[in-house]
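Trainee: I would like the atomic coordinates for the input below:
(2 chains)
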Amino acid sequence: MSVSSPRLRPAPRGAGRRRSALLSLSRSTPLIPALVLLVVFLVGPMAFALWGSLTNSALSGYRAAKPQFIGLDNYTALFADKDFWNALLLTLIFVFFSAIVGQNVLGLSLAVLARTGSKVLSRIVSALVVAAWVMPEIVAAFALYAFFSSDGTLNAALKAVGLSGVSWLIEYPMLAVILANVWRGTAFSMLVYSAALSEVPPETDEAAQLDGTNSVQRFFLITLPIIRRSIATNLMLTTLQTLGTFGLIWVMTSGGPGTRSSTLPVLAYQEAFKFAQVGYGTAIAAVTIVLGAVFAILYIKILKPEVES
Amino acid sequence: MRYRTLGAVAATVAAGLVLAGCSTTASGGGDTGERTITVAYQKTSAFHQLDDLLQKVKPEFEAANPGVTVDLQPIESEDEYFTKLALMNGSADTAPDVIYEDTFQLRSDAAAGYLLPIDDYLGKWKDWDQFYDAAKEAGLGDDGKTYGVSMGTDTRAIYYNKDIFAAAGLPTDWQPESWDDIMSAAEAIKAYDPSLIPLNIYGSKSAGEQTSMQGLEMLVYGTDSTLYNTDDQKWITKSSGLTDSLGFYEDLYAKGLATPLDLALDNTIGSRVSTELLPEGKAAMAIDGSWLPGGWIEGENAWAGWENTIGLAKMPTQNGGGDGFTSMSGGWTLAVGAQTTSPKTSFDFIAMALNQENSLKYDTENSQIAVRADVATSDDYLSYNPTFAFFSDLVQYTHFRPATPDYSQISSALQQATESVITGDATAKEATAAYDAELTKIVGAGNTEAGD
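Mentor: Next up, the predicted model:
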């Protein structure tokens, strides 16, 4: 930068800068209460959790009375634990199949079908799908447990048509919880995409139709690019929601059999509250937070032009 | 306008925080005047006897102590009772005054500072002399102070269905002499009717302490190994007895002689054994505690004629060595919470709940082995339940769990090892190695020694 430029217009710039700084400070004053609330109720607990993960705090015993600071010991133990890597892998599988593939693709398909199908049918289907979503998590989880359990609805239905059932929650625990999460979460994606699709101007569609495109081409070349921002937002929301799913898995399989459906939140609960090692469990929770942040940053980076444009 | 709204919100939040800060000191208390004591205890579909007892004592205690309100807080959980208790103890607002506490958890919770030493009160309680020494020891913390009053003790054995045994061509006065005898009986039952569960032995994490005590430890203490060397105060790693015990589970599941996994891993398995699997004749054998008949004698799970169907067999040692038989004993206590503001009132409540009359009620209805001399020797007690003689007799073979504050965590590691074997995730050897690693993590390498 040239040294002469301040000399050229010294006064206005300095004062202007100060004035605008003052102005922006006074303008952001109303944000201070919100900021304080965020720090107290969001950053505070997170910092406290981070601190907890550096101690050997327990639910009972001497370490409950006097937890000690043990530095990164919990994390070194965690990264050496094959259960943790297993849980990380299961979490990624769970998120990929139930949120990214299941909820998004199914939600979008339902939204598209609802637009093109008969009004009455689409309303009935939408109502059914949304019913799964408005149910409290614990109720949905028990309903799905009753559906998949050995003497449950699914096996009864299979038996009625002459097929022998399987112990779904024992033989295919991951499949069961993935299907359960798809069942429960699809409505959210469907609603987001229905709203997005209704914003697609019919003129562009008609214009493309006149150009001789078929409906598949129109969907991929016209509709998808127009709703891409909704796709980005929805991917992010469903991923983060699914990453934190606990009640559904806990009720259906308790993370079992063994550790075959122990995702990170389940493992964290197990270590902290079943095995009473609160510090260690908190370390797992901290890693889950980091994983969520990684997903969020990835989406923002990859889809940045889409989100900002 | 917006500023004012935000200001109002901020003021409300600030006031809320101040109020929250105050409420911890506003709970009131003391041992005179108006006061409330909360009693935290467990209640499940198969365990209502304690609830019955406390519902009876509450009005009696309130009548005898004007100004006192007894707040009964049942925790309806089979597998997460201690988690909920620990969380309640985390804050003075929710910490109970009287706690129903398992003896294995007592040392741990005393070390955590959740329990109050009650030696001073016990010294002035004339009934305390009636308690057997072993029962007094069960209430001791690591520091030698007494933290709980024993409600009764228990032993464990094999329940078997005599009707099924007869139909399968097995003797109805069956008494196995080794693990192999149990295994061959189970095979005979499977051969007779493959839809039956030949033997229920708890093996899942969700069954909690039942898996450790009614399951794995009934096997381990029947081998030449142990879990904890009391003389050196060291925990045993590389235990061949533990591997053999896990191997028993491995065989049982490999041969299809155990409770199917969907049932075994369910967190209601404990209640279902006593209310469903045994009474409905779905399981032929079950290793379980002496309290089961309590639920069959009366209550909503009453089972008329149970004594004609159920046979009892002592649990044999691995190869019939040692004393030939083994058992495990535990028991529960009533303890005073450390954060109580009414310690004397809380203790007085325990003293009333466990006086001669009430101990008799509880020990008979819940099939406990009485620990008060004036109950154990009374005709009312002895004539109540035909199984008392059998289970009391097992005291000569019985073992106690290691009395250390970290036992409860180690017990969880045992449950994890057992579940990994029954689900086929690990062999008995691998599970033992995983347990050793977990154990070392909990107690430190300096507190372990290699077994045989």
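Trainee: What residue in the stretch 251-400 of chain B comes nearest to chain A?
Mentor: B:Asp262 (4.3 Å; C-beta to the nearest C-beta). For every residue, glycine as well, the C-beta is placed using N, CA and C.
Trainee: Could you tell me how far that residue is located from B:Thr423?
Mentor: Per C-beta to C-beta, to the nearest Å, B:Asp262 is found 11 Å from B:Thr423.
Trainee: Who are the contact partners of whichever residue of the stretch 101-250 of chain B sits closest to chain A?
Mentor: Per C-beta to the nearest C-beta, B:Ala112 is where the stretch 101-250 of chain B lies closest to chain A, at 3.5 Å. Contacts here follow C-beta atoms under 8 Å, 6 or more residues apart in numbering or on different chains; on that basis B:Ala112 touches A:Ala58, A:Leu59, A:Ser60, A:Gly61, A:Tyr62, A:Ala64, A:Ala65, B:Ala86, B:Asn89.
Trainee: nearest residue to B:Tyr132 other than its sequence neighbours?
Mentor: Residue nearest to B:Tyr132 in three dimensions, not counting chain neighbours: B:Val371, with 5.2 Å by C-beta to C-beta, 6 or more residues apart in numbering or on different chains.
Trainee: What's the local residue count around that neighbour?
Mentor: Residue neighbour count, defined by other C-beta atoms under 10 Å in any protein chain shown, stands at 25 for B:Val371.
Trainee: How about the one 10 residues further on?
Mentor: Under the neighbour criterion other C-beta under 10 Å, B:Tyr381 is assigned a count of 20.
Trainee: what sits against it?
Mentor: Counting by C-beta under 8 Å, 6+ apart, B:Tyr381 touches B:Leu360, B:Asp363, B:Thr364, B:Ala370, B:Val375, B:Phe388.
Trainee: who wins for neighbours among the residues you listed?
Mentor: When neighbours are counted by other C-beta under 10 Å, B:Asp363 leads those with 29 neighbours.
Trainee: who in chain A is up against chain B?
Mentor: With C-beta under 8 Å from any C-beta of the partner chain as the criterion, chain A comes near chain B at residues A:30, A:33-34, A:36-37, A:58-62, A:64-65, A:77, A:149-150, A:167, A:169-170, A:254, A:256-260, A:270, A:273-277.
Trainee: Is it possible to mark the buried ones in those residues?
Mentor: A:33, A:58-62, A:64, A:149-150, A:167, A:169-170, A:254, A:256-260, A:270, A:273-277 (16 or more other C-beta atoms under 10 Å in any protein chain shown).
Trainee: May I ask you to confirm that B:Glu438 is in contact with B:Leu414?
Mentor: No - contact criterion C-beta atoms under 8 Å: B:Glu438 and B:Leu414 do not qualify, at 9.1 Å.
Trainee: Pick out whichever of these two has more residues nearby.
Mentor: B:Leu414 (27 against 19).
Trainee: Look up how far B:Thr211 lies from the more buried one.
Mentor: Counting by C-beta to C-beta, the gap from B:Leu414 to B:Thr211 is 7 Å.
Trainee: just B:Ala335 next, same as before
Mentor: Distance, B:Ala335 to B:Thr211, by C-beta to C-beta: 24 Å.
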